[in-house]
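Visitor: Just the structure for this:
(one chain, ligands or ions: 1)
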Amino acid sequence: MTSIEPAILAERLAKSYRGTRAVVDVSLRVELGEAVGVVGANGAGKTTTVEMIAGLRVPERGRVRVLGLDPRRDRARLRQVLGVQLQQAHLHHALRVTELVDLYRSFYPDPRPTGELLDLVELTEQRRTSFDKLSGGQQQRLSIALAIAGRPRVVILDELTTGLDPAARRRMWATVERLRSEGVSVLLVSHTMEEVERLCDRVAVLDAGRVVALDTPADLVARAGASTLDDAFVALTGRQLAKEPA
Ligand SMILES: Nc1ncnc2c1ncn2[C@@H]1O[C@H](COP(=O)(O)OP(=O)(O)OP(=O)(O)O)[C@@H](O)[C@H]1O
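Guide: Numbers count the residues shown, from 1 in each chain. The predicted structure follows:
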């Protein structure tokens, strides 16, 4: 691992599930300290892509490197530098919030303090609540705290704010901005154009398992001859954005 390696390098990834071609050909690169958004309609292949980058799914084709590490060969080292928050957290439901946070902290040599993590995601009041008694948004916020417990250098956030109320969403954005100010590289899957515009340097637009555009938000808008990123998305993919639940 050298310092000149990009944070994330994904080359020509492909993955099918029993005949469904989820990812056909995806390449993307996240430079050190950069935040890249991944947008696309439901089923475009976003989660499958980030799961392959995180080493949670084996690509059928293509190559992934995270800070120069191979997610499969260098699994133990990768765990020390990569934080992953996925759409559905598979956590031990009977454990309390602090127990889960402390369990995750125990995996790392220099974890963030428990109090700081709970504070960042505003779960201090719920610290003694078991995971299965948290609301959906609280579970989501906890999964973000766990993803950053080990001070990762790269984070993958899959639908960071889906299901969060507007105030919680803004706090999550502030958390990502703080990570960025610490030099953390970010790959962020999102359905919210406002979110990627605010948080990301560049945005990859996925459609039917392929990257159809990868550029700064401003250049995507200009290239599509659109006036907003929402409009650019529709022009680039021919699809309406999935509406978030109110
Ligand atoms: N475990 C699985 N088994 C079978 N098919 C799957 C599985 N996971 C995803 N798929 C299919 O692969 C395709 C891509 O799914 P994926 O979850 O990667 O898309 P996505 O862009 O993240 O969608 P969303 O915005 O709805 O989260 C879809 O057609 C989906 O139905």
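
Visitor: and Leu117, what pLDDT?
Guide: pLDDT recorded at Leu117 is 95.

Visitor: all helices for this protein, in order.
Guide: Listed in chain order, the helices of the chain (DSSP state H) span 46-53, 75-81, 97-105, 114-120, 136-147, 166-181, 193-199, 217-223, 229-237.

Visitor: want to throw the ones you listed into JSON lines with mean neighbour count?
Guide: Bear in mind the C-beta positions are built from the backbone N, C-alpha and C, glycine included. JSON lines is the format used below for those (neighbours: other Cβ atoms under 10 Å):
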{"stretch": "helix 46-53", "mean neighbour count": "24"}
{"stretch": "helix 75-81", "mean neighbour count": "16"}
{"stretch": "helix 97-105", "mean neighbour count": "20"}
{"stretch": "helix 114-120", "mean neighbour count": "17"}
{"stretch": "helix 136-147", "mean neighbour count": "21"}
{"stretch": "helix 166-181", "mean neighbour count": "16"}
{"stretch": "helix 193-199", "mean neighbour count": "20"}
{"stretch": "helix 217-223", "mean neighbour count": "16"}
{"stretch": "helix 229-237", "mean neighbour count": "20"}
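
Visitor: Just list whatever residues bridge to the residue most central in space within the chain.
Guide: Closest residue to the average C-alpha location of the chain: Leu157 at 1.8 Å, with Cα atoms, centre = their mean. Per DSSP bridges, the residues bridged to Leu157 are Gln85, Leu188.

Visitor: separation between it and the ligand?
Guide: Noted for Leu157: a distance of 13 Å to the ligand, by Cβ to the nearest ligand atom, to the nearest Å.

Visitor: How about the contacts made by that residue?
Guide: Counting by Cβ atoms under 8 Å, 6 or more residues apart in numbering, Leu157 touches Gln85, Ile144, Ala147, Val176, Val186, Leu187, Leu188, Val189.

Visitor: How confident was the prediction at it?
Guide: On the pLDDT scale, Leu157 gets 94.

Visitor: now the one 3 residues further on
Guide: Looking at Leu160, its pLDDT is 86.

Visitor: does it really touch Val50, like I thought?
Guide: No: Leu160 sits out of contact with Val50 when judged by Cβ atoms under 8 Å, with a separation of 11.7 Å.

Visitor: Need the residues touching each of the two.
Guide: With Cβ under 8 Å, 6+ apart, Leu160 and Val50 have common neighbours Val189.
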